[in-house]
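*Asks:* Got a sequence here, can you model it:
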Amino acid sequence: MTGQQDTAKWEQIADDHAAKVSATIKYYLKEIEDCATRDRQLSVAVMILGILTPVLVAQVAVWDGDVGLVLKVGSIVTATALAVTEGLRKIYAYDKRWAASYTALLALRRARADYKIRRLGLPPGSEEWKKNFITYQNLYHDTIAKETQDFFTHLGKAEKQTEADTPAT
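*Replies:* Below is the predicted model:
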């Protein structure tokens, strides 16, 4: 393989990796936005239902007849909705997923910026260039692995918590 072919090969490998990193960064940007939105929606719903439920329960004692019946049903519905919403908030842990994705995003951006600075003036395929590229690749894979590990660690904690909260039958 000639020097030019070797250089072209390394440039292609670097371009492919850059495209993969850019796609991953776009994924994390979307994940951050989605998780933040869902966490905010569930938190607001819990807050509203948490305020509404005791108000309805308190009013059940004051009213009778059809209004009392509607308030009883309403209090049951809002209490159930509150429990389900809070359960979803804990199970999906959007706040933790947001934080893990944000941390991964920052790490990837930092690694990409460092890589670009360190490769300035280095001929593609040179030993120093390869060393820099491999470091960049390793940082990418380590970041993805850590974010994935954090996700599954939390998932395991949520599962254990759910088992602990479930009464034995």
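*Asks:* Quick check: phi and psi at residue 122.
*Replies:* In terms of degrees, to the nearest 10, the main-chain angles of residue 122 are phi -90, psi 130.
*Asks:* OK, contacts around the closest residue in space to it that isn't next to it in sequence?
*Replies:* Excluding the flanking residues, the one nearest residue 122 by C-beta to C-beta, 6 or more residues apart in numbering is residue 129, at 4.2 Å. Quick note: C-beta positions are derived from backbone N, CA and C, even for glycine. Contact analysis of residue 129 by C-beta atoms under 8 Å, 6 or more residues apart in numbering lists 10, 119, 122, 123.
*Asks:* What are the buried residues along the host helix or strand of residue 142?
*Replies:* If you go by DSSP states H and E, residue 142 is part of helix 127-165. Using 16 or more other C-beta atoms under 10 Å as the test for burial, helix 127-165 gives 129, 132, 133, 136, 137, 139, 140, 143, 147, 150.
*Asks:* shouldn't the third one be in contact with residue 14?
*Replies:* Okay, so that is residue 133. Yes - applying C-beta atoms under 8 Å as the test, residue 133 and residue 14 come out as touching, 6.1 Å apart.
*Asks:* Okay, the one residue sitting closest to the centre of the chain and residue 32: tell me how far apart.
*Replies:* With distances taken as C-alpha atoms, centre = their mean, the residue of the chain nearest its centroid is residue 97 (2.7 Å). According to C-beta to C-beta, to the nearest Å, residue 97 and residue 32 sit 9 Å apart.
*Asks:* Same check on residue 126?
*Replies:* Distance from residue 126 to residue 32, by C-beta to C-beta: 37 Å.
*Asks:* More neighbours: which of the two?
*Replies:* Legend: neighbour count by other C-beta atoms under 10 Å for residue 126 and residue 32, higher for residue 32 (18 against 14).
*Asks:* Identify the residue spatially nearest to that one, adjacent ones excluded.
*Replies:* The nearest residue in space to residue 32 (C-beta to C-beta, 6+ apart) is residue 101, at 5.0 Å.
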